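Student: I'd like to go over a predicted model; first the sequence, then the structure.
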Amino acid sequence: METDLLIIGGGPAGLHAALTADRAGARVVVADESFSLGGQLRQQTQWLSNLPGQYGYGKKRGTWVNEQLINQVGASNVQVLKKHTMIGSYLNGNIGVSDGDKTFEIQSRKNIIAPGAQEEAKVFPGWTLPGVMTAGAAQILINREKVLPGKRAVMVGSNDFSLEVARQLNSCGITVEAIVEEKNQIICSDGELVKTLENVPVYTNSTIEIVTGAGEVEHVVIQTPDGLKEVNVDLVCIANGFSPILEPFEIMNCHFVYQKELGGWLAAYNIHLQTTNPSCYIAGNAAGITDFGSILLTGEIAALSALEAMGFISSAEGTEQKSRCWRELANLESEKVLQARTEMLADYHQKHELDLPDYFMKIKGGKMYG
Amino acid sequence: MHISEHPVLKEKSNEKVFFYFNNHRLEAKKGQTVAAALMANGIRKLGVSRKLSQPRGLYCSNGRCTSCFVTINGLDHVISCTTLVENNMQVFSNNNDPEIRGEKYGN
Ligand SMILES: Cc1cc2nc3c(=O)[nH]c(=O)nc-3n(C[C@H](O)[C@H](O)[C@H](O)COP(=O)(O)OP(=O)(O)OC[C@H]3O[C@@H](n4cnc5c(N)ncnc54)[C@H](O)[C@@H]3O)c2cc1C
């Protein structure tokens, strides 16, 4: 198979990149390992804020935005390969994908790799019992699969994501018996969300001592500052944060950097979202754990860079569009994540002796560069 | 248990699928994964660990942790959280390592 742009990962970042490239006239193939497009957006029923203005989405549910993206891709010339996993690369640089039966290479001029993020596990005695699962898994079960993962739950972690999932579990009729947080206070910054869960006991400075049950979760012991607290539940959800997925970048021999605020290790990239492998660009949560607006915008920047490199748009247009995207991203992204991202970019450009474009130095009135 | 009235998502899949788990006939909805279909039937233990034979079930639901391995239509170690359930699928729990030297594989 042969194409101009190959995109690995059909989540929001990959799909938005695909639409951007299709509009400019490039031939695009999107390969995704799942049986349907949309990635982690498929189960996000909550309202998304921080959406970039020009998409005209306004305040919408994630599942609604997902439908729009999929419909737009369906109406475009983008070629979609569902149930195709990127599993390797060939000596000639082509990417190898497999559907489990057949494995073949895709020859492309440029690649955008947008495999998203994974949830971090948390280990305690009993963490492998059926009924212990990530918060994301529970969210997939209720919203995508329409299946109840249990009746009574303990949520481990109190960040925005864990409380949102706790709220959603609750609205499906699952009783959340406890929220367990190892820090000394609730992490979630959304006061309204915290309020919707005010009837749920929150144990701070607390950890899971052990989870037990015959073949599946039945009983949880929580270590609290006031001693051991025991609850009978059949579901334990772990929300311990996300980290970027790395394997496809390892396959492409990309270099990695560590940035705690971006989720830990990730493939290093420059202002054009280009990794150290010049044919591979990066987008979405793989380029740093962030919010939804920035996920779309990094997809767009990666696509613009690839289009520019392939000659589908002029370098003047590329610069103009990318400068708009970066400005918008800087306005939407949380301060901490933006700071980490720009630090990583500045380091990259210094190390590789590349100039940072003027527009980037002016982001936030140049304040970020002192 | 299936969620019949979802608080947000009103669209319903009513098309039924019948499949087998350890030779028991079970009902699922079209478009569900094998792991979710099993959980909808109250089955959460999908197999046991290879060394200590401890129970295992769905953990990440994203095809990454491989905790939800099952055998489907004779193929061992299939990730049940990323495989859609189909009519007459024969699913067995994953109770040990596949016999790769067995006759089945011509070894
Ligand atoms: C379980 C989970 C739940 C989440 N829930 C929320 C939430 O409720 N709210 C929120 O704001 N954010 C949530 N997030 C964050 C979420 O990652 C982003 O909102 C957004 O979906 C990220 O977009 P993306 O395109 O970067 O990646 P994803 O949406 O993760 O899409 C990546 C795609 O790449 C595919 N892929 C990965 N590896 C390969 C490969 N080797 N070959 C082919 N295809 C591959 C995957 O199948 C997937 O479709 C969640 C993340 C996870 C992991």
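Tutor: Now that the structure is in, tell me what you want to look at.
Student: neighbours of A:Arg327, how many?
Tutor: By the criterion of other Cβ atoms under 10 Å in any protein chain shown, A:Arg327 has 16 neighbours. Backbone N, C-alpha and C define where each C-beta goes, glycine included.
Student: ok, it - contacts?
Tutor: Each residue near A:Arg327 by Cβ atoms under 8 Å, 6 or more residues apart in numbering or on different chains is listed here: A:359, A:363.
Student: what's the closest non-adjacent residue to A:Thr20?
Tutor: Using Cβ to Cβ, 6 or more residues apart in numbering or on different chains and skipping the chain neighbours, the partner closest in space to A:Thr20 is A:Ala303 (3.8 Å).
Student: which non-adjacent residue is nearest residue 76?
Tutor: I went with chain A, as the question did not name one. A:Asp22 (4.5 Å).
Student: hmm, I had chain B in mind actually
Tutor: Using Cβ to Cβ, 6+ apart, the closest residue to B:Asp76 is B:Pro98 (3.6 Å).
Student: do B:Cys65 as well
Tutor: B:Tyr59 (4.7 Å).
Student: what is the burial count for the one you found?
Tutor: 25.
Student: and it, that one's in a strand?
Tutor: No. Assignment of B:Tyr59 by DSSP: H, G, I helix; E, B strand; the rest coil gives coil, placing it outside any strand.
Student: coming back round to it: burial measure for the residue nearest to A:Thr20, as a count.
Tutor: Neighbours of A:Ala303 (other Cβ under 10 Å): 34.
Student: which strands and helices sit next to the strand or helix carrying it?
Tutor: Assigned by DSSP states H and E, A:Ala303 belongs to helix A:292-310. Helix A:292-310 makes packing contacts with strand A:2-8, helix A:12-23, strand A:103-113, strand A:280-282, helix A:315-332 when contacts are defined by 3 or more Cβ pairs under 8 Å, 6 or more residues apart in numbering or on different chains; DSSP states H and E.
Student: which of those sits most buried?
Tutor: Mean neighbour count (mean count of other Cβ atoms under 10 Å in any protein chain shown) peaks for strand A:280-282 among those, with a mean of 30.
Student: list the contacts of the residue nearest to A:Thr20.
Tutor: Neighbours of A:Ala303 in contact, by Cβ under 8 Å, 6+ apart: A:5, A:16-18, A:20-21, A:112, A:281, A:283.
Student: per-residue confidence for it?
Tutor: pLDDT, A:Ala303: 98.
Student: do A:Ala26 as well
Tutor: So A:Ala26 comes in at 98 (pLDDT).
Student: need the helices for the chain, in chain order.
Tutor: In the absence of a named chain, this looks at chain A. A:12-23, A:62-74, A:135-143, A:160-171, A:191-196, A:247-251, A:292-310, A:315-332, A:335-351, A:358-361 (DSSP state H).
Student: correction: the question concerned chain B.
Tutor: Counting by DSSP H, the helices of chain B are B:34-40.
Student: show me what from it comes close to the ligand.
Tutor: Proximity of chain B to the ligand (Cβ under 6 Å from any ligand atom) is limited to residues B:Asn62.
Student: in chain B, where is pLDDT below threshold?
Tutor: B:104, B:107 (pLDDT under 70).
Student: any idea which residue of it lies closest to the ligand?
Tutor: Scanning chain B for the residue nearest the ligand gives B:Asn62, at 5.9 Å (criterion: Cβ to the nearest ligand atom).
Student: who's the closest spatial neighbour of A:Val132, skipping the chain neighbours?
Tutor: A:Val132's closest residue in space is A:Val236 (Cβ to Cβ, 6+ apart), at 4.5 Å.
Student: check A:Ser49 too.
Tutor: Nearest to A:Ser49 is A:Lys59, by Cβ to Cβ, 6+ apart, at 6.6 Å.
Student: ok, the one you found to A:Asn159 distance?
Tutor: 22 Å (Cβ to Cβ, to the nearest Å).
Student: what angle separates the helix holding A:Ala303 from helix A:12-23?
Tutor: Interaxial angle of helix A:292-310 relative to helix A:12-23 (axes from the mean of the first three to the mean of the last three Cα atoms, to 10 degrees): 40 degrees.
Student: is helix A:292-310 up against the ligand anywhere?
Tutor: Yes. Using Cβ under 6 Å from any ligand atom, helix A:292-310 reaches the ligand at A:292, A:295.
Student: again with stretch A:89-105
Tutor: No. Figure legend: stretch A:89-105 not in contact with the ligand (Cβ under 6 Å from any ligand atom); closest approach 6.9 Å.
Student: what parts of chain B come near chain A?
Tutor: B:1-3, B:6-9, B:13, B:29, B:32-33, B:36-37, B:39-40, B:44-46, B:49, B:54-65, B:67, B:81-82, B:84 (Cβ under 8 Å from any Cβ of the partner chain).
Student: so which of those residues sit within strands?
Tutor: B:29, B:55-56 (DSSP state E).
Student: from memory A:Ser158 sits against A:Glu181, does it?
Tutor: Yes. Counting by Cβ atoms under 8 Å, A:Glu181 is a contact partner of A:Ser158 at 4.1 Å.
Student: okay, those two: which has more neighbours?
Tutor: A:Ser158 (24 against 21).
Student: list the contacts of the more buried one.
Tutor: Contacts of A:Ser158 (Cβ under 8 Å, 6+ apart): A:179-181, A:183, A:186-188, A:202, A:204.
Student: may I see the buried residues of stretch B:34-42?
Tutor: B:34-41 (16 or more other Cβ atoms under 10 Å in any protein chain shown).
Student: how about stretch B:83-96?
Tutor: For stretch B:83-96, by 16+ other Cβ under 10 Å, it's B:83-85, B:89, B:91-94.
Student: can I get these in a markdown table with distance to B:Glu103?
Tutor: Formatted as a markdown table, these follow (distance: Cβ to Cβ, whole Å):
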| residue | distance to B:Glu103 |
| --- | --- |
| B:Thr83 | 25 |
| B:Leu84 | 30 |
| B:Val85 | 29 |
| B:Met89 | 23 |
| B:Val91 | 22 |
| B:Phe92 | 18 |
| B:Ser93 | 22 |
| B:Asn94 | 20 |
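Student: so what pLDDT did A:Pro52 get?
Tutor: pLDDT at A:Pro52 comes out at 76.
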